[in-house]
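Engineer: here's a sequence, model it:
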Amino acid sequence: MTRIHFIAIGGAAMHNLALAVASKAGYKVTGSDDEIFDPALSHLRDAGLLPDEMGWHPERITPDIDAIILGMHAREDNPELVRARELGIKIYSFPEYLYEQTKDKIRIVVGGSHGKTTTTSMILYVLNRLGIEADYMVGAQIEGFERMVRLSDTAKYAVFEGDEYLTSPLDLRSKFLWYHPHVAILTGIAWDHINVFPTFPEYVETFRKFVKSIEPKGSFIYYKGDENLRQIAGEMTSLRHDDMSIIPYDAYDGKVEMQVFGKHNMQNLQAAMLACHCIGVSPDDFYREIASFTGASNRLEKICETESCVAYKDFAHSPSKLKATVNAVRERYPNKKLIACMELHTFSSLMADFLPQYKGCMAEADLAFVYFNPKVIEHKRLTPITAEEVQEAFGTENVEVFTESEALQDKLRSLSYENTALLMMSSGTFDGINVKEFAEQLIAN
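Structural biologist: Numbers count the residues shown, from 1 in each chain. Reported below is the predicted structural model:
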């Protein structure tokens, strides 16, 4: 029996990895965390993996544990981590363990500042429809898939969403540098994670390193409309002499009618097709199967609809994602009033120096509402920002800024939703709103 202990098991990716490992024969999984929320809480409880009590318990770290998997939420001085290091137990980061489990497989990795989850989901959706077995890690729930991580002894392929954020408290490299793909996609580079990459050139450099990490004779698929990716592709032409394939792409413009919409999703779709083609899937087979793909959870996900109104939710929070999502809904519903709401919730989005990146991002909306909670800024120990600064940063007259969730909800309840498209965007919850239920109430009136 192989014993694996997860430190910070409650994260979205970590708990899904724990479930995947626990499902393999011959593995026993335990874990710890100082707080766990749904859906992780319910998933772990249902699988019998929920810790007996919250907190860190170094006495539970014993020599018979074969490996520790360390989540990003844990700190370097975590008592369980300290104990594991004293005992000399092998410590893996999340991406390191994924690579270790798939190092003999053909790996497809999707990176970029936006579109990673959707593109990865499209690849997996088509492979699943075609009966092609694959291990995977993706950042959202996909129709037809039980969880967000799968590891097996039988799959020939592994498909990973490649995140450029930090690996772990002990390893400050980007996660995707661990994966060494045979097929790599980069969807675009738009500055994000300013707390980790304080300048744009530093941010671009981590993507350059990712491309350099592609396996010999691998494939580099990149969006040709991105100036920085074109430059990196040009550099690889002279740097790589191992017959690496360099494949540019643009948006799909074929005749097959798709369920997903928006220029950015047509770009994601074309990238996914090229990746599948690299492992032998014909374009015709790909387009036939992807036509029924309705999207990944929280990525332009339709949550309710009436005869005259429709509501979507989206994970968009960075400037490039926000603009692409707003523009996509505007293009889809040119004759509807577009009401767009977004929450500044991530570390970068709440930094005063980063706010100017949002200029014009919500210009296509008829009414645009931006929410942030000053207490979150305080909790993250960031320099305070004001509603006036946020308003100025977004730079268009249609934007109204709120710092109290109840005030935002009252404003939204006061509006007419006749012939309206409502778009709710956040990587959080607008401080406790059940977005689907709230949207249903709004457009029903």
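
Engineer: what's the closest non-adjacent residue to Ala8?
Structural biologist: Of all residues not flanking Ala8 in the chain, Gly71 sits nearest, at 3.0 Å (CB to CB, 6 or more residues apart in numbering). C-beta coordinates here come from the backbone N, C-alpha and C atoms, glycine included.

Engineer: let me fix that, I meant to ask about Met244.
Structural biologist: Gly218 (5.6 Å).

Engineer: okay, now that neighbour: neighbour count?
Structural biologist: Look at Gly218: counted by other CB atoms under 10 Å, it has 23 neighbours.

Engineer: OK, contacts around it?
Structural biologist: 181-184, 244-245 (CB atoms under 8 Å, 6 or more residues apart in numbering).

Engineer: filter those residues down to the buried ones.
Structural biologist: Burial by neighbour count, 16 or more other CB atoms under 10 Å: within the contacts of Gly218 this picks out 181-184, 244.

Engineer: export those residues to CSV and append columns for secondary structure and pLDDT.
Structural biologist: Shown next, in CSV, are the buried ones among the contacts of Gly218 (DSSP: H, G, I helix; E, B strand; the rest coil; pLDDT from 0 to 100):
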residue, secondary structure, pLDDT
Pro181, coil, 98
His182, coil, 98
Val183, strand, 98
Ala184, strand, 98
Met244, coil, 89
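
Engineer: measure the residue of the chain positioned farthest from its centre to Gly112 for me?
Structural biologist: Within the chain, Pro63 marks the point farthest from the mean C-alpha position, 35.3 Å out by CA atoms, centre = their mean. Pro63 sits 42 Å away from Gly112, going by CB to CB, to the nearest Å.

Engineer: other residues contacting the helix or strand where Cys276 lies?
Structural biologist: Under the criterion of DSSP states H and E, Cys276 resides in helix 263-278. With contacts defined as CB under 8 Å, 6+ apart, helix 263-278 is touched by 108, 110, 114-115, 118-119, 122-123, 126-127, 182-183, 185, 187, 219, 221, 223, 225, 245, 247, 249-253, 258, 260, 283, 286-287, 290, 295, 300, 324-325, 327-328, 331.

Engineer: can you do 6 Å?
Structural biologist: 108, 115, 118-119, 122-123, 126, 183, 185, 219, 221, 223, 247, 249, 251-252, 283, 286, 324 (CB atoms under 6 Å, 6 or more residues apart in numbering).

Engineer: what's the average pLDDT for that helix?
Structural biologist: Confidence over helix 263-278 (mean pLDDT, whole number) is 96.

Engineer: that older thread, what about burial for the contacts of helix 263-278, which qualify?
Structural biologist: Applying 16+ other CB under 10 Å to the contacts of helix 263-278 flags 108, 115, 118-119, 122-123, 126, 183, 185, 219, 221, 223, 247, 249, 251-252, 286, 324 as buried.

Engineer: so which of the residues you listed belong to strands?
Structural biologist: 108, 183, 185, 219, 221, 223, 247, 249 (DSSP state E).

Engineer: and these, which two are furthest apart?
Structural biologist: Greatest spatial distance among those (CB to CB): Ile108 and Tyr223, at 16.2 Å.

Engineer: show the contacting residues for the nearest residue to Thr187 once chain neighbours are set aside.
Structural biologist: Computed as CB to CB, 6+ apart, the closest residue to Thr187 that is not its neighbour in sequence is Gly112, at 3.1 Å. For Gly112, the contact set (CB under 6 Å, 6+ apart) comprises 186-188.

Engineer: do the same with Ser318
Structural biologist: The neighbours of Ser318, taking CB under 6 Å, 6+ apart as the test, are Asp192.

Engineer: quick one: pLDDT of it?
Structural biologist: Model confidence at Ser318, given as pLDDT, is 86.

Engineer: give the helix, strand or coil label for the residue nearest to Asp226 when sequence neighbours are not counted.
Structural biologist: Of all residues not flanking Asp226 in the chain, Gly188 sits nearest, at 4.6 Å (CB to CB, 6+ apart). Of the three states, Gly188 takes coil under DSSP: H, G, I helix; E, B strand; the rest coil.

Engineer: cool, Glu100 as well?
Structural biologist: helix.

Engineer: number of nearby residues for it?
Structural biologist: When neighbours are counted by other CB under 10 Å, Glu100 comes out with 12.

Engineer: helices along the stretch 201-350 of the chain, start to end?
Structural biologist: 227-239, 263-278, 283-290, 319-332 (DSSP state H, counting those that start in this stretch).

Engineer: so how far is the third one off the chain centroid?
Structural biologist: The one in question is helix 283-290. Put simply, helix 283-290 sits 24 Å off its chain's centre (CA atoms, centre = their mean, to the nearest Å).

Engineer: who touches it?
Structural biologist: Counting by CB under 6 Å, 6+ apart, 126, 129, 256, 273, 276 sit against helix 283-290.

Engineer: now do 7 Å
Structural biologist: Here helix 283-290 makes contact (CB atoms under 7 Å, 6 or more residues apart in numbering) with 122, 125-126, 129-130, 254, 256, 269, 273, 276-277.

Engineer: ok, of those residues, which come out buried?
Structural biologist: In terms of neighbour count (16+ other CB under 10 Å), the buried residues within the contacts of helix 283-290 are 122, 125-126, 129, 269, 273, 276-277.

Engineer: closest to Gly10 among the residues you listed?
Structural biologist: Tyr125 (27.4 Å).

Engineer: what's the pLDDT at Ser93?
Structural biologist: 95.

Engineer: go on, His241?
Structural biologist: The model's pLDDT for His241 equals 61.

Engineer: over to the one 5 residues further on?
Structural biologist: The per-residue pLDDT reported for Ile246 equals 95.

Engineer: where does the stretch 101-250 of the chain dip in pLDDT?
Structural biologist: Across the stretch 101-250 of the chain, residues meeting the criterion (pLDDT under 70) sit at 240-242.

Engineer: quick one: contacts for Asp366?
Structural biologist: Residues in contact with Asp366 (CB under 7 Å, 6+ apart) are 337-339, 398.

Engineer: export the residues you listed to JSON lines and tack on neighbour count and pLDDT?
Structural biologist: Putting those into JSON lines (neighbours: other CB atoms under 10 Å; pLDDT from 0 to 100) gives the following:
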{"residue": "Lys337", "neighbour count": "17", "pLDDT": "97"}
{"residue": "Leu338", "neighbour count": "21", "pLDDT": "97"}
{"residue": "Ile339", "neighbour count": "24", "pLDDT": "97"}
{"residue": "Asn398", "neighbour count": "15", "pLDDT": "96"}
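
Engineer: between these, which is nearest Ile89?
Structural biologist: Ile339 (52.4 Å).

Engineer: using neighbour counts, pick out the buried residues of stretch 34-43.
Structural biologist: Residues 36, 40, 43 are the ones in stretch 34-43 that count as buried (16+ other CB under 10 Å).

Engineer: sorry, back to before: which of the ones in strands among the buried ones among the contacts of helix 263-278 lies closest to Leu17?
Structural biologist: Nearest to Leu17 among these: Ile108, at 18.1 Å, using CB to CB.

Engineer: thanks a lot, catch you later.
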